[in-house]
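A.B. asks: Compute the structure for the input listed below.
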Amino acid sequence: MTRVAAVGDIHMGLDSQGTLRPAFETLPDCADILLLAGDLTRHGMPEEARVVAREIKDLGVPVVAVLGNHDHHDGHPDEVSAILREAGAHVLEGEATVVTHGGLRIGVAGTKGFGGGFVGRCAGEFGEPVMKEFVRYSRHRADGLRAALEELHRYACDARIALTHFAPVPDTLAGEPLEIYPFLGSYLLAEAIDTAGADLAVHGHAHAGTEHGMTGGGVKVRNVAQPVIGRAFHIYSLDSCRPGEGPRARGTRLPTDTDEQ
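C.D. replies: From the prediction side, this is the model:
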């Protein structure tokens, strides 16, 4: 059993030091990995990233993160990423990583993602250059996620997880105003997940959304924005492959909500 702890949208500022550390220090007892689904800082300031770094340093479990829109706001996403990496986190953008813990090999493919909307109500790559750039940016983020998930096929992972900030499906946006759905996620992310395969998809961003969703291909999706889960993190359990067995077909491992902190 692979135990995945996840949270997003913790929005840490200079006054946040120590607020999550006590809960995070319990992770070795209940989880094999911690996923951070973006918006880790309030304004993307390097000083705020250092607060996050102190919360996650030397936790005893691997930490994998993507950035969110807040982490880009101050114009220093590369510096924010570097600070988190110095604290031991794997920060992904169109990349994959395989971490090990307790004999398990967990593959994570990550991207911030972007908006654009969902099937039947989505932006198209047509018209003014700025609109084409908007949609093209979203498509490139999704293409990076797909390529990263496909890369994980080369490894005998016990679980493969897609980690994004923006939502891949509208299910987990329920509760948000319909008018802002195009700015909360993109169907292109779900297409990437279903094409390449994953055992679980985790995202944040939608503070007023819903925790549970599913892609059209049957991959379970979880919105782990902290305002949604209402705690320091939530744990999802995935059935692991038997020894010597490669990753199963997409959607065959069903995540089960278990202990919460």
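
A.B. asks: how distant is the longest helix seen in the chain from the center of its chain?
C.D. replies: Longest helix in the chain by number of residues (criterion: DSSP state H): helix 129-151. Remark: helix 129-151 is offset 16 Å from the chain centroid, using Cα atoms, centre = their mean, to the nearest Å.

A.B. asks: And that helix, what does it pack against?
C.D. replies: strand 95-101, strand 104-111, strand 159-164, helix 187-196 (3 or more Cβ pairs under 8 Å, 6 or more residues apart in numbering; DSSP states H and E). Where C-beta positions appear, they are placed from N, C-alpha and C, glycine not excepted.

A.B. asks: how about the ones you listed in JSON lines, adding mean neighbour count, mean pLDDT and distance to residue 7?
C.D. replies: Shown next, in JSON lines, are the helices and strands packed on helix 129-151 (neighbours: other Cβ atoms under 10 Å; pLDDT from 0 to 100; distance: least, Cβ to Cβ, whole Å):
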{"stretch": "strand 95-101", "mean neighbour count": "18", "mean pLDDT": "96", "distance to residue 7": "17"}
{"stretch": "strand 104-111", "mean neighbour count": "26", "mean pLDDT": "97", "distance to residue 7": "15"}
{"stretch": "strand 159-164", "mean neighbour count": "31", "mean pLDDT": "98", "distance to residue 7": "12"}
{"stretch": "helix 187-196", "mean neighbour count": "24", "mean pLDDT": "98", "distance to residue 7": "19"}
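
A.B. asks: quick one, which of those is nearest to residue 58?
C.D. replies: Taking Cβ to Cβ, strand 95-101 is the member of the helices and strands packed on helix 129-151 nearest to residue 58, at 14.1 Å.

A.B. asks: Residue 205 against residue 66, yeah?
C.D. replies: No: in this structure, residue 205 is not within contact of residue 66 by Cβ atoms under 8 Å, at 10.6 Å.

A.B. asks: okay, those two: which has more neighbours?
C.D. replies: Shown here are residue 205 and residue 66; by other Cβ atoms under 10 Å, residue 66 has more neighbours (33 against 29).

A.B. asks: residues in contact with the residue nearest to the more buried one when sequence neighbours are not counted?
C.D. replies: Nearest residue to residue 66, sequence neighbours excluded (Cβ to Cβ, 6 or more residues apart in numbering): residue 110, at 4.3 Å. By Cβ atoms under 8 Å, 6 or more residues apart in numbering, the contact set of residue 110 is 64-66, 92-97, 145, 148, 162-164.

A.B. asks: mind running it again at 7 Å?
C.D. replies: 64, 66, 92-93, 95, 148, 163-164 (Cβ atoms under 7 Å, 6 or more residues apart in numbering).

A.B. asks: Among these, find me the one that's closest to residue 154.
C.D. replies: Relative to residue 154, the closest of the contacts of residue 110 is residue 148; by Cβ to Cβ it sits at 11.5 Å.

A.B. asks: Model confidence score at that closest one, please.
C.D. replies: At residue 148, the model reports a pLDDT of 98.

A.B. asks: just the one 4 residues further on next, same as before
C.D. replies: In this model, residue 152 is scored at 96, pLDDT.

A.B. asks: Same question for residue 126.
C.D. replies: Looking at residue 126, its pLDDT is 77.

A.B. asks: circling back to that earlier point, ok, which of the helices and strands packed on helix 129-151 comes nearest residue 212?
C.D. replies: Ranking those by distance to residue 212, with Cβ to Cβ as the measure, places helix 187-196 first at 14.6 Å.

A.B. asks: Correct me if wrong: residue 187 contacts residue 121.
C.D. replies: No: with contacts counted by Cβ atoms under 7 Å, residue 187 stays clear of residue 121, the gap being 9.3 Å.

A.B. asks: Pull up the overlap in contacts between residue 205 and residue 66.
C.D. replies: With Cβ under 7 Å, 6+ apart as the test, residue 205 and residue 66 both reach 38, 165.

A.B. asks: I'd like to know how many residues surround residue 86.
C.D. replies: Residues near residue 86, counting by other Cβ under 10 Å: 12.
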